[in-house]
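Trainee: turn this into a model:
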Amino acid sequence: MKNYIFLFLKGLAMGAVNKIPGVSGGTVAFITGIYEDLINSIKKINFKSFKILFNRGFKDFYEEINGKFLTIVFSGVIASFFSVSLILDRLIEDYELYVFGLFFGMIVGSFYVIYYQLERLNVKTSIGILIGLSIGLLISFADNFEVTNSNLIIFISGMIAISGMILPGLSGSYLLLLMGSYTLIMVDSVNALYFTLADMLSFNFDFIYDPERVYLLKVILFFTIGSICGLIFLSNILSTLLKRFKSITISIIVGFIAGSLRGVWPWKTEALNGKVSLFFPDFSIGQTWLTLFYIFIGILFVVLLERFANKH
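Mentor: Residues are numbered from 1 along each chain as shown. Now for the predicted structure:
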């Protein structure tokens with residue numbers, strides 16, 4: 001029972017950091033010693049295991065995929081998603097500049113950490129960095145994706161967000177932030193699901209007449225389906241890529257993060273038409289220095305977290 005409680009707490013930690021741009025849930029899995037079990041269990045959810053499900057029943061399928069382990073870990077992940085979402089909602093509303101300063105610092109720290117995973121710079125890795133850099137710059141200079149009208153984009157966002165759970169150092173929430181869908185998916189829709197469950201427990205079903213609530217529930221539904229698909233397929237794809245093409249895969253990620261840092265610059269203004277303009281901060285005011293402090297804390301947190309993971 002004690003082991004199950006600790007496993008649940010590890011899931012809580014993974015879910016919490018996976019919502020923070022710049023920090024990877026996979027990193028926490030590494031630190032807490034469950035990463036290998038997590039990936040191997042997820043990889044077992046394949047055609048072979050589904051064949052066992054249909055031929056021998058759910059019990060054998062559950063044992064084949066290490067179901068008890070996955071259930072406990074992801075129960076913790078889901079529980080933390082609700083609690084962290086409510087906290088982030090308030091923080092972003094009241095302290096947006098400082099929150100995004102912290103996020104920016106974490107992403108810079110993430111870039112530093114992943115860059116030093118490169119074994120060496122050569123022609124192949126340099127091309128990979130340029131490819132990633134081009135993609136990152138393209139996204140950062142483009143307008144935000146219009147996720148509000150596309151179920152497909154929301155589905156893809158789910159696949160993207162779960163990548164941080166699988167690949168240490170790559171933050172899925174960071175990618176959502178670049179796509180302009182972070183607040184919609186990781187905060188608003190999760191909170192909507194939380195309040196809906198609370199309403200249903202009190203036998204209040206008035207939410208079905210609330211178009212915004214219904215829309216947000218649709219968002220979380222497509223996002224969840226995308227996450228499940230991404231969890232199953234990406235675990236196999238990323239595992240293969242890292243085994244066969246580790247250096248080129250990491251180099252593309254490094255270039256992507258470098259190229260897209262512009263897109264998460266904390267100091268920005270948004271016009272009425274939705275166009276975002278960046279500006280340099282005024283160093284004569286205390287708010288700027290406090291934001292720089294949070295950027296530093298973000299960098300330090302990620303670097304120390306990764307170094308601690310490497311020791312274990």
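
Trainee: count the neighbours of Ile72 for me.
Mentor: 19 (other C-beta atoms under 10 Å). Placement of C-beta: from N, CA and C, glycine included.

Trainee: residues contacting it?
Mentor: Counting by C-beta atoms under 8 Å, 6 or more residues apart in numbering, Ile72 touches Tyr4, Leu7, Phe8, Gly11.

Trainee: quick check: Leu278 touching Trp267?
Mentor: Yes. Assessed by C-beta atoms under 8 Å, Leu278 is found in contact with Trp267 at 6.6 Å.

Trainee: so which of these two has more stuff around it?
Mentor: Taking other C-beta under 10 Å, Leu278 and Trp267 do not tie; Trp267 has more neighbours (16 against 12).

Trainee: name the element the residue lying closest to that one once chain neighbours are set aside belongs to?
Mentor: Nearest residue to Trp267 in three dimensions, chain neighbours excluded: Pro281, at 4.9 Å (C-beta to C-beta, 6 or more residues apart in numbering). Pro281 belongs to no helix or strand when elements are defined using DSSP states H and E.

Trainee: now do the contacts for Pro281.
Mentor: Shown in contact with Pro281 (C-beta under 8 Å, 6+ apart): Trp267, Thr288, Thr291, Leu292.

Trainee: how close does the third one get to Val214?
Mentor: In this view, Thr291 and Val214 are 37 Å apart by C-beta to C-beta, to the nearest Å.

Trainee: of the two, who's got more company?
Mentor: Legend: neighbour count by other C-beta under 10 Å for Thr291 and Val214, higher for Thr291 (23 against 14).

Trainee: which residues does the more buried one contact?
Mentor: Contacts for Thr291 (C-beta under 8 Å, 6+ apart) come out as Leu97, Tyr98, Gly101, Pro266, Trp267, Pro281.

Trainee: just the pLDDT at Leu242, thanks.
Mentor: If you check Leu242, the pLDDT there is 68.

Trainee: hang on, the earlier thing: export the contacts of Thr291 as TSV, with columns for distance to Thr224 and pLDDT.
Mentor: What follows is the contacts of Thr291, written out as TSV (distance: C-beta to C-beta, whole Å; pLDDT from 0 to 100):
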residue	distance to Thr224	pLDDT
Leu97	31	85
Tyr98	30	87
Gly101	30	86
Pro266	30	82
Trp267	34	85
Pro281	38	85
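
Trainee: which one of those residues is nearest Thr196?
Mentor: Tyr98 (30.0 Å; C-beta to C-beta).

Trainee: helix or strand for that closest one, which one?
Mentor: Per DSSP H and E: Tyr98 is located in helix 96-115.

Trainee: wait, what's in contact with Lys218?
Mentor: Taking C-beta under 8 Å, 6+ apart, one finds Asn151 in contact with Lys218.

Trainee: now do the one 10 residues further on
Mentor: With C-beta under 8 Å, 6+ apart as the criterion, the residues that contact Ile228 are Gly158.

Trainee: give the helix, strand or coil label for it.
Mentor: Assigned by DSSP: H, G, I helix; E, B strand; the rest coil, the conformation of Ile228 is helix.

Trainee: show me where the stretch 151-300 of the chain has its strands.
Mentor: Secondary structure of the stretch 151-300 of the chain (DSSP state E, counting those that start in this stretch): strands at 268-270, 276-278.

Trainee: pLDDT averaged over the first one - what is it?
Mentor: Just to be clear, that refers to strand 268-270. Strand 268-270 comes out at a mean pLDDT of 74.

Trainee: tell me what the helix holding Tyr98 is packed against?
Mentor: With contacts defined as 3 or more C-beta pairs under 8 Å, 6 or more residues apart in numbering; DSSP states H and E, helix 96-115 has these neighbours: helix 67-94, helix 172-179, helix 246-260, helix 286-311.

Trainee: any regions of the stretch 51-200 of the chain where pLDDT drops low?
Mentor: Residue ranges of the stretch 51-200 of the chain with pLDDT under 70: 85-86, 89, 119, 139-149, 163-171, 174, 178-179.
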